[in-house]
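Chemist: heads up, no residue letters with this:
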């Protein structure tokens, strides 16, 4: 009771104030930074083992909140899995070292809140998947090519089939333009384009690298439009429009 009104320190959630003492199992406290109030045991108060769900505890930036569960029966929820993986790509040094394409990526202030992200997900076309148990994937750079920010204005859900078509394997393609490689036997440039399920379509041999790239560009843009029309009834209209306007650049 002597601690009522005093400011104490928690181990991971900053300072908190003791508001009221009923008994050893019911001590009301309030976290100074967020104003969140919770009832704790006296033992946890003494040891600083009290947690503020509105402090940035996930990768140093993510705020869980209290409105929605992150796990059910010991397994992460779909919403939490998406949210946690998004934060990991942007704020885990270990992950970025293994996947340098995510260097410089960040998450909007709204998306750092699990509560906001959860509610946003349930408003999006495609969040429920294709209706046959196949989930769609969250995409950050179809609407804005080269975008590095996961946000409510840039992210959409698209089928994995489309996502695979859009992924650029920069690290593995070598020194030539996208879609192009050198054939030592033919002493020519060869172009090929990726299709569904990892299949590659051979586009021919060419005298110059730019000719091979142009063949790839035409084939790639055509296939992306095919995918757009295939999934038109199930994807966000913004995704459909972006796919129909998609342009392969020589700098890709």
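Modeler: Nice, thanks for sending it over. Since we're looking at a predicted model, the values are computed, not measured.
Chemist: helices or strands next to the lengthiest strand in the chain in the packing?
Modeler: Across the chain, the strand with the greatest residue count (assigned by DSSP state E) is strand 15-23. In terms of contacts (3 or more Cβ pairs under 8 Å, 6 or more residues apart in numbering; DSSP states H and E), strand 15-23 is packed against strand 7-9, strand 26-31. Quick note: C-beta positions are derived from backbone N, CA and C, even for glycine.
Chemist: you'd agree residue 86 is up against residue 150?
Modeler: Yes - if you go by Cβ atoms under 8 Å, residue 86 and residue 150 touch, sitting 5.3 Å apart.
Chemist: so which bits of stretch 154-168 are buried?
Modeler: 154, 155, 156, 157, 158, 159, 161, 162, 165, 166 (16 or more other Cβ atoms under 10 Å).
Chemist: before we move on, the earlier item: can you put the helices and strands packed on strand 15-23 in a markdown table and add mean pLDDT, mean neighbour count and distance to residue 107?
Modeler: Compiled in a markdown table, these are given as follows (pLDDT from 0 to 100; neighbours: other Cβ atoms under 10 Å; distance: least, Cβ to Cβ, whole Å):
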| stretch | mean pLDDT | mean neighbour count | distance to residue 107 |
| --- | --- | --- | --- |
| strand 7-9 | 95 | 12 | 28 |
| strand 26-31 | 97 | 19 | 23 |
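Chemist: any chance of the ones you listed in a markdown table, plus distance to residue 106?
Modeler: Formatted as a markdown table, these follow (distance: least, Cβ to Cβ, whole Å):
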| stretch | distance to residue 106 |
| --- | --- |
| strand 7-9 | 30 |
| strand 26-31 | 26 |
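Chemist: in the protein, where is pLDDT below threshold?
Modeler: Across the chain, the ranges flagged by pLDDT under 70 are 169-174, 197.
Chemist: in it, which residue is closest to the centre?
Modeler: Nearest to the geometric centre of the chain sits residue 86, at 3.3 Å (Cα atoms, centre = their mean).
Chemist: residue 80 versus that residue, what's the distance?
Modeler: 11 Å (Cβ to Cβ, to the nearest Å).
Chemist: do the same with residue 73
Modeler: Residue 73 is 13 Å from residue 80, by Cβ to Cβ.
Chemist: these two: which is more packed in?
Modeler: Counted by other Cβ atoms under 10 Å, residue 73 and residue 80 do not tie: residue 80 has more neighbours, with 21 against 4.
Chemist: nearest residue to that one in space, please, no chain neighbours.
Modeler: In space, and not counting its chain neighbours, residue 80 is closest to residue 70: 4.1 Å by Cβ to Cβ, 6 or more residues apart in numbering.
Chemist: same question, residue 41
Modeler: Once flanking residues are discounted, residue 41 sits nearest to residue 25: 5.4 Å by Cβ to Cβ, 6+ apart.
Chemist: residues shared between the contacts of residue 86 and residue 150?
Modeler: Contact criterion Cβ atoms under 8 Å, 6 or more residues apart in numbering; residues shared by residue 86 and residue 150: 107, 111, 138.
Chemist: I'm done for today, thanks for sticking with me.
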